[in-house]
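> Any chance you could fold what I've pasted below:
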Amino acid sequence: MNYQQKNAVLGVVLAAEALLEEAYKVAGEPPEDEVPSTAGGTAIKNLHEALKHFNDERHGAADALMDDCVNEEPATLRDQFAMAAPAEIPAWFEGPSPEPFPDNVNAWDFFPNDLDSVAEANRWANSKAKPEVVPEKYQAFVHAHIDRNRRAVEISQLNHRNRFIAWRWHYADLMMDARQTPHPL
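Predicted structure coming up:
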């Protein structure tokens with residue numbers, strides 16, 4: 001794993017750590033080792049045990065990764081600046097051109113000249129029903145609709161990730177430019 005990949009994974013680990021802290025706040029103080037007297041106490045104890053297990057597992061892998069990131073010197077000053085980029089991306093930063101979203105699936109392509117079938121297909125596609133319970137006549141459209149939405153989510157995540165990575169390197173370039181610009185005293 002190269003330095004940039006370790007840096008990206010470290011960001012994910014830190015975000016997971018923040019979520020874990022929030023979960024502990026919601027669950028409250030860990031219960032005593034004695035048997036809880038209520039069902040709520042049992043639920044809280046079980047939640048704390050699950051969080052503790054997750055925390056122990058996470059720390060083993062995360063600590064090794066953090067040690068690698070901290071102990072490994074960045075290859076260049078630009079790498080150091082990229083590592084120090086603010087996590088919050090400013091609104092003015094445009095980043096790379098986002099990958100376009102897939103076109104919407106049109107029921108008219110599946111049911112030309114049949115307004116009732118188009119309306120029914122759209123109802124099934126927008127319902128929360130499992131695809132297995134959709135009438136056979138509308139299944140092809142519903143599956144195409146689900147696949148399109150799944151692809152749209154993947155593209156959204158990809159665009160977000162690309163923007164986050166591009167921001168880090170853009171910030172590093174800004175810092176390198178600022179470092180090379182003489183400042184009048």
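> where do the helices sit along this protein?
Using DSSP state H, the helices of the chain run over 3-27, 39-71, 77-83, 107-110, 115-126, 136-180.
> Out of those helices, point me to the one whose mean pLDDT is lowest.
For the helices of the chain, the weakest mean pLDDT is recorded on helix 39-71, namely a mean of 54.
> Stretch 101-121 spans what distance, first to last residue?
Start-to-end span of stretch 101-121 (C-alpha to C-alpha, to the nearest Å) is 22 Å.
> can you check stretch 127-140 too?
With C-alpha to C-alpha as the measure, stretch 127-140 spans 15 Å from end to end.
> quick check: domain ranges of this structure?
What the record gives for the chain is the domain set 3-72, 76-185, from automatic domain parsing.
> Now do Tyr171: how many residues are near it, please.
As a burial measure, Tyr171 scores 19 neighbours (other C-beta atoms under 10 Å). All C-beta spots, glycine's among them, are computed from the backbone N, C-alpha and C.
> Pull the contacting residues for it.
Contacts for Tyr171 (C-beta atoms under 8 Å, 6 or more residues apart in numbering) come out as Phe81, Ala82, Ala84, Ala85, Pro86.
> By neighbour count, which of those wins?
Compared across the contacts of Tyr171, Ala82 has the highest neighbour count, 23 neighbours, by other C-beta under 10 Å.
> So what touches stretch 94-108?
Under the contact criterion C-beta under 8 Å, 6+ apart, stretch 94-108 has outside partners 89, 117-118, 121-122, 125, 141, 144-145, 148, 151-152, 155-156, 158-159, 162-163, 166-167, 170.
> For Gln180, see how far away Glu88 is.
Glu88 sits 26 Å away from Gln180, taking C-beta to C-beta, to the nearest Å as the criterion.
> what's the answer for Pro100, then?
Distance, Pro100 to Gln180, by C-beta to C-beta: 36 Å.
> ditto for Phe110
To Gln180, Phe110 is 59 Å away according to C-beta to C-beta.
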